[in-house]
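Colleague: structure of the sequence below:
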Amino acid sequence: MAAVFSWWGKESHRGTPVVVKMENPNWSMVEIEGPSEVDFFITSPSGRPRDKGRGKNAKQLTWVLLLKAHRAAGCLTSIAPALLGLASGVKRRLASGRTDADADNDNETGGGREKENPIVKSRFYSFIKVFLWLSVLLLGFEVAAYFKGWHFGAPHLQLDYLWATSFGVKDLFDWVYSRWVLIRVEYFAPPLQFLANACIVLFIIQSLDRLVLCLGCFWIRFKKIKPVPKEGDIDVESGEKGFFPMVLVQIPMCNEREVYHQSIGAVCNLDWPKSKLLIQVLDDSDDPITQSLINEEVKKWQQEGANIVYRHRVIRDGYKAGNLKSAMNCSYVKDYEFVAIFDADFQPTPDFLKRTVPHFKDNDELGLVQARWSFVNKDENLLTRLQNINLSFHFEVEQQVNGIFHNFFGFNGTAGVWRRKALDESGGWLERTTVEDMDIAVRAHLHGWKFIFLNDVECQCELPESYEAYRKQQHRWHSGPMQLFRLCLPDIIRSKISIWKKFNLIFLFFLLRKLILPFYSFTLFCIILPMTMFVPEAELPAWVVCYIPATMSFLNILPALKSFPFIVPYLLFENTMSVTKFNAMISGLFQLGSAYEWVVTKKTGRSSEGDLVSLIEKGPKPQRGVSVPNLVEMREEILQKEQKQKASKKKHNRIYLKELALAFLLLTASARSLLSAQGIHFYFLLFQGISFLLVGLDLIGEQVE
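Modeller: Reported below is the predicted structural model:
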């Protein structure tokens, strides 16, 4: 029986009564008699009016629901254009035909060109392809079994059905499938489960380490712990109160045409007595135009009174380490007590030395003061946003906690000030690895030197905006520590530092954070998890797949809370990068062909474009930026050369075969998981597979036409 409700209201302006009749208990049919703009009173079936406020709330709720429905409809309508755009991008990418196998022809290294051994490079890709084709074969087999009536949702029920039918199979397929189930239960599931359990244990240990670091960071903030420099005396030359020793500033660079002027200009503007500051521009460029541009820039700053020299090596061996080692051999270096290092895209603030060097006063055990990085292009695209999350955690949590509680962390290679005595006693710069910064830090720590990290002193720099550049950077950052671990392990064991410091270096610094992390990330989430879909007797709990990774991602994003909306893409992207990090770790650990591959990270100079524009608009002000004379001529010359290069060789986004193979492996496993009705596993595999697909097609980061 339909219920009848009467709503009485007043028109907003005239007070005319309005009757609303609803003759449907589901409130689906509404008939309005009278003006449409009303403030409603709700009455009960007896005709007594209800509270007016509740009527307003109901009306507001209706409009809110309608607004949300409208927005949802708008989102749904935007899905089709987005998918069409994605399909168009994929089509263009496939048409270009450029894969990561072609990358060797374009790798510009610090000391020339170096090609990775194609035999070594193909081993890892072949390993992934084996799992891909095996998963495709098993998926077809399982789909056929599904339509034959085999139940995938519960392995124990499947085994019961197997034993019930093993002595009287219906046909050949049932017999083959029953044999396969017995084989995987007997032979495949136990080793797979053992490997999964081992990775879970490593996962838990690494997660606990991450949690302890976060608690340490919280304690530092709660107690407001920070290194405080000692006050200096009045300097005779400048008349200022402070600590003003002799400082050598080095700017190593190689073919850094886009960014060289920003670092030179920023360093020349450092607020420090000129007689106690010398700037070395260490140019390893093999491009004659770049060399002339940098040399001209140095000469013009010399004319403005800056104490700066240009240095170019004839024999360019050893990459960055060789460049720094050659510069330290200059006879005048012995006159300088401290050495500050800045890469070509770093822009220190004028007070950088005043905020870092005073920490060395009356602290003879201090060998290094490291400043934090900040990024001028962190909001440029999704790739830079995700990098900002990762590096914010690295500096604010890892570096700060290790600096406060251990007096040791890995030198970041730039934005730091070294005591020259610490460099000399530790053996100086060595060319044996691609992480010369970490190498010198470990050797200095073994000699008893202490480090300080300043979280409140920032130095601006630039993040890689393309996946190609970021991938090469991460390969070097993860293969180098394994090279160094092989070389330093005997020295660590024989050193006279405490047992706790040896444990921190060997287990926490190298094994847990440099080896175990990429190993279990790739093995657990990219190999074991898909394989458990086809061998369901080996299981991964939901808390391993979802809850702990989500918690760890939340902890990682705390230092960059503004990036919280990107927590899910961050989790997926970190797992996606595990293939590159795992490959690099194996290459460095076993000294494979790509272990010593050094590719200069591509920069765009985005942080200096605004300075150039403002400089041209305001006129020449040498103390604030780069030189203006002949700027037009130099830019015309650069543009002509770039046009010639583009005419001979057009740049493309690449297709990354390893990532694509893993994408199809995970998507195949997600299809198998769908048959098993495994909710969390299915969604994880699906979205992780899509993430690998987007990265494999190079649809993240800078897009090149």
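Colleague: who's in contact with Phe522?
Modeller: Shown here is Phe522, whose contacts under the criterion CB atoms under 8 Å, 6 or more residues apart in numbering are 578-579, 581-582. In this view, the C-beta of every residue, glycine as well, is placed from N, C-alpha and C.
Colleague: no, scratch that, I was asking about Asp343
Modeller: Residues counted as contacts of Asp343 (CB under 8 Å, 6+ apart) are 251-253, 263, 413-414, 461.
Colleague: out of those, which sit inside strands?
Modeller: The strands in this structure, assigned by DSSP state E, contain 251-253, 461 from those.
Colleague: of those, which pair is most distant in space?
Modeller: Pro252 and Cys461 (13.9 Å; CB to CB).
Colleague: which strands and helices sit next to the host helix or strand of Gly689?
Modeller: When secondary structure is defined by DSSP states H and E, Gly689 falls within helix 679-696. Applying 3 or more CB pairs under 8 Å, 6 or more residues apart in numbering; DSSP states H and E, one finds that helix 679-696 contacts helix 529-534, helix 567-589, helix 657-676.
Colleague: so which of those helices gets nearest Gln206?
Modeller: Ranking the helices and strands packed on helix 679-696 by distance to Gln206, with CB to CB as the measure, places helix 567-589 first at 12.5 Å.
Colleague: buried residues of that closest one, list them for me.
Modeller: Of the residues in helix 567-589, those with enough neighbours to count as buried (16 or more other CB atoms under 10 Å) are 569-589.
Colleague: picking that back up, mean confidence for the helix holding Gly689?
Modeller: The average pLDDT within helix 679-696 is 92.
Colleague: what lies in contact with it?
Modeller: Helix 679-696 has contacts (CB under 8 Å, 6+ apart) with 467, 525, 529-530, 533, 540, 542, 545-546, 568-569, 572-573, 575-576, 655-667, 669-670, 673-674, 700.
Colleague: kindly report the same for stretch 411-418.
Modeller: For stretch 411-418, the external contacting residues (CB under 8 Å, 6+ apart) are 247, 320, 338-343, 346, 348, 353, 356-357, 360, 367-373, 399, 435-438, 440-441, 451, 459, 461.
Colleague: please spell out the PyMOL selection for the buried subset of those residues.
Modeller: The PyMOL command for the buried members of the contacts of stretch 411-418 (criterion: 16+ other CB under 10 Å) is given here:
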select buried, resi 247+320+338+339+340+341+342+343+346+348+353+356+357+360+367+368+369+370+371+372+373+399+435+436+437+438+440+441+451+459+461
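Colleague: that older thread, could you dump the helices and strands packed on helix 679-696 into a markdown table with mean pLDDT and distance to Asn388 added?
Modeller: A markdown table is the format used below for these (pLDDT from 0 to 100; distance: least, CB to CB, whole Å):
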| stretch | mean pLDDT | distance to Asn388 |
| --- | --- | --- |
| helix 529-534 | 92 | 28 |
| helix 567-589 | 93 | 10 |
| helix 657-676 | 90 | 22 |
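Colleague: these: which one's closest to Ala560?
Modeller: With respect to Ala560, and counting by CB to CB, the nearest of the helices and strands packed on helix 679-696 is helix 567-589 at 9.6 Å.
Colleague: mind listing the strands the helix or strand that contains Gly367 pairs with, and their directions?
Modeller: Here Gly367, judged by DSSP H and E, is contained in strand 366-375. Using DSSP bridges, the strands paired with strand 366-375 are strand 416-419 (antiparallel), strand 450-461 (parallel).
Colleague: kindly export it (C-alpha atoms) in PDB.
Modeller: Coordinates of each C-alpha in strand 366-375 appear next as PDB, following Å, rounded to 0.1, in the frame of the first residue of the first chain:
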ATOM      1  CA  LEU A 366      84.500  16.700  12.000                       C
ATOM      2  CA  GLY A 367      85.300  15.800   8.400                       C
ATOM      3  CA  LEU A 368      82.100  16.600   6.500                       C
ATOM      4  CA  VAL A 369      79.100  19.000   6.600                       C
ATOM      5  CA  GLN A 370      76.400  18.000   4.200                       C
ATOM      6  CA  ALA A 371      73.400  20.200   3.300                       C
ATOM      7  CA  ARG A 372      70.000  19.200   2.100                       C
ATOM      8  CA  TRP A 373      68.900  19.300  -1.500                       C
ATOM      9  CA  SER A 374      65.800  21.200  -2.700                       C
ATOM     10  CA  PHE A 375      64.300  20.900  -6.100                       C
END
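Colleague: name the next helix or strand following it along the chain.
Modeller: Assignment by DSSP H and E places the next element after strand 366-375 at helix 382-393.
Colleague: distance of Asp351 relative to Val457?
Modeller: Noted for Asp351: a distance of 9 Å to Val457, by CB to CB, to the nearest Å.
Colleague: TSV for the contacts of Asp343, including pLDDT and distance to Phe684?
Modeller: Formatted as TSV, the entries for the contacts of Asp343 read as follows, by pLDDT from 0 to 100; distance: CB to CB, whole Å:
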residue	pLDDT	distance to Phe684
Ile251	96	45
Pro252	95	43
Met253	93	43
Ser263	92	43
Gly413	94	36
Thr414	95	37
Cys461	94	34
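Colleague: could you flag which of these are buried?
Modeller: For the contacts of Asp343, a burial check counting by 16+ other CB under 10 Å picks out 251-253, 263, 413-414, 461.
Colleague: what's the closest of those to Phe509?
Modeller: Of all these, the one with the least separation from Phe509 (CB to CB) is Gly413, at 16.3 Å.
Colleague: quick one, phi/psi of that closest one?
Modeller: For Gly413, the backbone dihedrals are phi 90, psi -10 (criterion: degrees, to the nearest 10).
Colleague: could you do Glu380 as well?
Modeller: phi -70, psi -50.
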